[in-house]
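[1] Provide a 3D model corresponding to the input given below.
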Amino acid sequence: MNDIIIKVLVESVARDLGVPAIMTPGAAAADLRAALDEPVDIPPGKWRIITTGIRLEIPPGFEGQVRPRSGLAARHGVTLLNSPGTIDSDYRGIVQVIMINHSHQIFTVNHGDRIAQLVMAPVTSVRYEAAQSLEMTDRGDGGFGHTGIQ
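    You can find the predicted model right below:
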């Protein structure tokens, strides 16, 4: 299998952190780390934008998906807003993560902490066009919970 190469520009605040890394051979995601000049406290019920200090060159036809880390959610009640977040292939800004604290105590993010996961995924190119009608299905316009809970 040929690997897709993602170029990573590491800002000075993240020089000691290197580039995102996939930790085990079967892992689908690379860890994103906090690149901070000082620790950031996230009070209960609040959120903070945490920088990773990296910029990515994602090739056309792919997107970066920023996802929560299960350990942070299970152990600390901390997850991500806007999840999964999308990094478009034409974005060249610094990757940032919106962390929210659902616990009842302050959560502190320190420089180098693994705060999120990054998955690269293919994107299908589509066009949208206006229509006068849509093909009917058995489901029709049945929305949230239309099949019940049992």
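
[2] wait, Leu118 sits on Ala29?
    Yes. Leu118 lies in contact with Ala29 (C-beta atoms under 8 Å); the separation is 5.9 Å. (Glycine included, C-beta is placed from N, CA and C.)

[3] residue ranges with poor pLDDT in this protein?
    Scanning the chain for pLDDT under 70 picks out 1.

[4] can you give me the strands in it?
    7-10, 30-33, 40-42, 47-57, 62-67, 78-80, 85-87, 94-101, 107-109, 114-122 (DSSP state E).

[5] Can you name the residues in contact with the second one?
    Residues outside strand 30-33 that contact it (C-beta atoms under 8 Å, 6 or more residues apart in numbering): 14, 17, 20-23, 52, 54, 66, 69, 95, 97, 112-118.

[6] out of those, which are buried?
    Buried members of the contacts of strand 30-33, scored by 16 or more other C-beta atoms under 10 Å, are 14, 17, 20, 52, 54, 66, 69, 95, 97, 113-118.

[7] Residues in a beta bridge with the spatially most central residue of the chain, which ones?
    In the chain, the centroid-proximal residue (C-alpha atoms, centre = their mean) is Val66; its distance is 1.1 Å. Beta bridges link Val66 to Gly85, Leu118, judged by DSSP bridges.
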